[in-house]
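Engineer: missing the sequence, but the structure's below:
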DNA sequence: TTGAAATGTGTACATTTTACATAATAAATT
DNA sequence: AATTTATTATGTAAAATGTACACATTTCAA
């Protein structure tokens, strides 16, 4: 048996119950919390990320993710949503928590813990408003460095998206309401970084039976227009099946 | 076009750069942060969870997850690992961050944000030490309520585990170093809540070619003993392939 | 010695994935 | 008006994978 360094329990079995939880919590170190949103878009067959010029002197010239501190009694989700609304003007945007980043030196001003969110939206959506000229859509692949640890956060969210898009129907949030199968395939190819067989891709989605033919065609394409589809979220939600399949 | 409530950018395009980031961060609300570990074990063909009796008067009689506040300049991962070591005496335990929970009323003493971790360990491991009699392994399915929002955290981690175990080789952390195929199958059946075909299950793992026959047999089983295997983590890490497969 | 309980293995069938080619359509060009 | 270009739309055969299912073997316990 290996020698064990913890020879005593740290919590005494008979410790008295704590009556004043407030006092206990007051003794905890307190940390400024932020949320950072990785806002993805899709345009010209490229995955894009919405970035803002850093407003910190020391990061002059660098871009950073859109974030803000979390207010008193504000949920993390709410904070992330608030950032999104403030920056894009959009409601009903896809948003999901990815993970917390806590390296003690991740913020130059001292300890700040941030929770990363991934957001997907349609760049062409008519409600999208990028007011400030400090905001800009960058092609994901061109982003080499960012302020703070935002490059690491971005990469984590990208991998998260790559995985997630294969198992959940969130890619549609990057497309217009009505889209062609080619647009959908371009999206998957761009995010996964592979090229897919067109016929098999179509067959796959046809077999899922989750696309609604809206009876319209593409317009203003310099070739034969394709049919337009909507994703049937309702049907998807109703039939969501639990996957069993061991594979690694 | 819908009327938009945000008529002005919140960041002025020409806002001067911030020189004193420290001052800025000092203005952020600060929040006590904790980590909570969902520590899973597997015994008698049941998924177990290590819980501690709540030390809060108001939660008297209720159990809670193992957690602690995050120290100054301590990484979240480090804090979670510290909790694990303190409670179990074990090193090299599987641990992964799941997500942050931030409901303003989740802690009775006021706002505390917690980051949930999922940990998997072998209950029979000889270094495992459950000293305090306030600590106890509970069968997952018997847990109906917990202190704080820990039931919700537990359920989130359970779903996370169900999904994760199908795509990554982490289940082995719940078993002894050497295990039989039956033990492995029991583990999957217990966690996924399904029953699997024994022959197909074996064939599946045989085709992965990631189990090493250690040339030993089970002992002290009241029937024909099965072969013992180890998981070939090395080979797995080397051959980790990127999965492409759209399915939802 | 026998019975109980579980191990270990193989095959046929169904389903899914993959690779691949041709005809039709619309727009742009001549 | 005819031709070229780009892309849509579709089907089939082969391979791989998943599923359902049965029997002989081994060890322990009685």
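Structural biologist: Cool, got the structure. The structure displayed is predicted, hence computed values, not measured ones.
Engineer: So chain A: which segments form each domain?
Structural biologist: What automatic domain parsing lists as the domains of chain A is A:30-174, A:175-240.
Engineer: Closest residue of chain A to DNA strand D?
Structural biologist: The minimum distance from chain A to DNA strand D, using C-beta to the nearest atom of the strand, falls at residue A:182 (2.9 Å). To be clear about C-beta, it is placed using only N, CA and C from the backbone, and glycine gets the same treatment.
Engineer: ok now do that residue, which residues does it touch?
Structural biologist: Taking C-beta atoms under 8 Å, 6 or more residues apart in numbering or on different chains, we find residue A:182 in contact with A:198, A:226.
Engineer: Out of the domains of chain A, which is the most enclosed?
Structural biologist: Of the domains of chain A, the one with the most neighbours on average (mean count of other C-beta atoms under 10 Å in any protein chain shown) is domain A:30-174, at a mean of 19.
Engineer: Run through the neighbouring helices and strands of the longest strand seen in chain A.
Structural biologist: Secondary structure of chain A per DSSP state E: the longest strand is strand A:30-43. Judged by 3 or more C-beta pairs under 8 Å, 6 or more residues apart in numbering or on different chains; DSSP states H and E, strand A:30-43 is in contact with strand A:46-53, strand A:66-69, helix A:76-88, strand A:113-120, helix A:150-167, strand B:30-43.
Engineer: that older thread, quickly check: the host helix or strand of the residue of chain A closest to DNA strand D near DNA strand C or not.
Structural biologist: Element membership of residue A:182, judged by DSSP states H and E, is helix A:181-192. No. Helix A:181-192 lies apart from DNA strand C when judged by C-beta under 7 Å from any atom of the strand; the minimum separation is 12.3 Å.
Engineer: Could you name the helices and strands sitting against the next helix or strand after that helix?
Structural biologist: Next along the chain after helix A:181-192, taking DSSP H and E as the criterion, comes helix A:198-208. The contact analysis (3+ C-beta pairs under 8 Å, 6+ apart) places helix A:198-208 against helix A:181-192.
Engineer: now the helix it packs on, how far from the chain's geometric center?
Structural biologist: The offset between the C-alpha centroid of helix A:181-192 and the centroid of the whole chain comes to 18 Å, using C-alpha atoms, centre = their mean, to the nearest Å.
Engineer: and the angle for that helix with strand A:46-53?
Structural biologist: Angle of helix A:181-192 versus strand A:46-53, following axes from the mean of the first three to the mean of the last three C-alpha atoms, to 10 degrees, is 60 degrees.
Engineer: quick one: average pLDDT of helix A:181-192?
Structural biologist: The average pLDDT within helix A:181-192 is 96.
Engineer: Likewise for stretch A:50-58?
Structural biologist: Here stretch A:50-58 scores 94 as its mean pLDDT.
Engineer: any weak-confidence spans in chain A?
Structural biologist: Applying pLDDT under 70 to chain A picks out residues A:1-14.
Engineer: before we move on, the earlier item: mind putting the domains of chain A in TSV, distance to residue B:143 included?
Structural biologist: Below are those laid out as TSV (distance: least, C-beta to C-beta, whole Å):
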stretch	distance to residue B:143
domain A:30-174	24
domain A:175-240	25
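Engineer: mind checking which of the ones you listed is nearest residue B:134?
Structural biologist: domain A:30-174 (27.2 Å; C-beta to C-beta).
Engineer: Just give me how far the closest one sits from the chain centre.
Structural biologist: The answer for domain A:30-174 is 7 Å, by C-alpha atoms, centre = their mean.
Engineer: So is it next to DNA strand D?
Structural biologist: No. Applying C-beta under 7 Å from any atom of the strand, one finds domain A:30-174 separated from DNA strand D by no less than 10.4 Å.
Engineer: That domain near DNA strand C at all?
Structural biologist: No. Domain A:30-174 lies apart from DNA strand C when judged by C-beta under 7 Å from any atom of the strand; the minimum separation is 11.0 Å.
Engineer: Between its first and last residues, how far does that domain reach?
Structural biologist: 37 Å (C-alpha to C-alpha, to the nearest Å).
Engineer: Over to stretch A:111-130?
Structural biologist: With C-alpha to C-alpha applied, stretch A:111-130 spans 30 Å between its terminal residues.
Engineer: Setting aside sequence neighbours, what's the nearest residue to residue A:15?
Structural biologist: residue B:55 (6.1 Å; C-beta to C-beta, 6 or more residues apart in numbering or on different chains).
Engineer: Can you list phi and psi of that neighbour for me?
Structural biologist: Main-chain dihedrals, residue B:55, degrees, to the nearest 10: phi -100, psi 10.
Engineer: What number of residues are in the vicinity of residue A:27?
Structural biologist: Number of residues near residue A:27 (other C-beta atoms under 10 Å in any protein chain shown) recorded here: 8.
Engineer: and it, what does it touch?
Structural biologist: Counting by C-beta under 8 Å, 6+ apart, residue A:27 has no contacts.
Engineer: can you tell me how far it sits from residue B:72?
Structural biologist: As judged by C-beta to C-beta, to the nearest Å, residue A:27 and residue B:72 stand 12 Å apart.
Engineer: And residue A:116, by the same measure?
Structural biologist: Applying C-beta to C-beta to residue A:116 and residue B:72 gives a distance of 22 Å.
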